[in-house]
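Q: sequence-free structure coming up:
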């Protein structure tokens, strides 16, 4: 089944959405359990998947072109075509900036007990 999720052109948008929804549910469970670091990491992962879905929509493509298979949230926001719309909602954009400032693929190698992650971080 895993082989059908990805084509020569890249990940299918339906699959990206399923992954994003699953990671968002994981975020909720981890946040409720007080696992702040893991929640932030998984929440950023969900955001990444949703931005990739938006890129597909902007490109009118059923698959994410492989050129977008990276993890920089700021760049993905730009290519999604949603940057101007997001900036018009100050609260949403401030939350995005807060997440983009701390989230990275490399978080998986950080100390999960780092005190910089808290319930407030998750609320952002």
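A: Cool, got the structure. The shown structure was predicted, so the numbers you read here are calculated from the model rather than taken from an experiment.
Q: longest helix of the protein?
A: Secondary structure assigned by DSSP state H gives helix 36-59 as the longest helix of the chain.
Q: Can you give me the neighbour number for residue 105?
A: 13 (other C-beta atoms under 10 Å). Where you see a C-beta, it was placed from the backbone N, CA and C, and this is true even at glycine.
Q: For residue 123, see how far away it is.
A: 22 Å (C-beta to C-beta, to the nearest Å).
Q: Same question for residue 85.
A: Remark: distance between residue 85 and residue 123 (C-beta to C-beta) = 22 Å.
Q: Next: residue 117.
A: In terms of C-beta to C-beta, residue 117 sits 12 Å off from residue 123.
Q: hmm, back to that, tell me the helices and strands packed up against the longest helix of the chain.
A: For helix 36-59, the packing partners by 3 or more C-beta pairs under 8 Å, 6 or more residues apart in numbering; DSSP states H and E come out as helix 13-32, helix 73-80, helix 90-102, helix 119-123.
Q: what about the chain, any weak spots by pLDDT?
A: Across the chain, the ranges flagged by pLDDT under 70 are 1-8.
Q: If we use 50, what do you get?
A: Confidence mapping of the chain against pLDDT under 50 gives the ranges 1-3.
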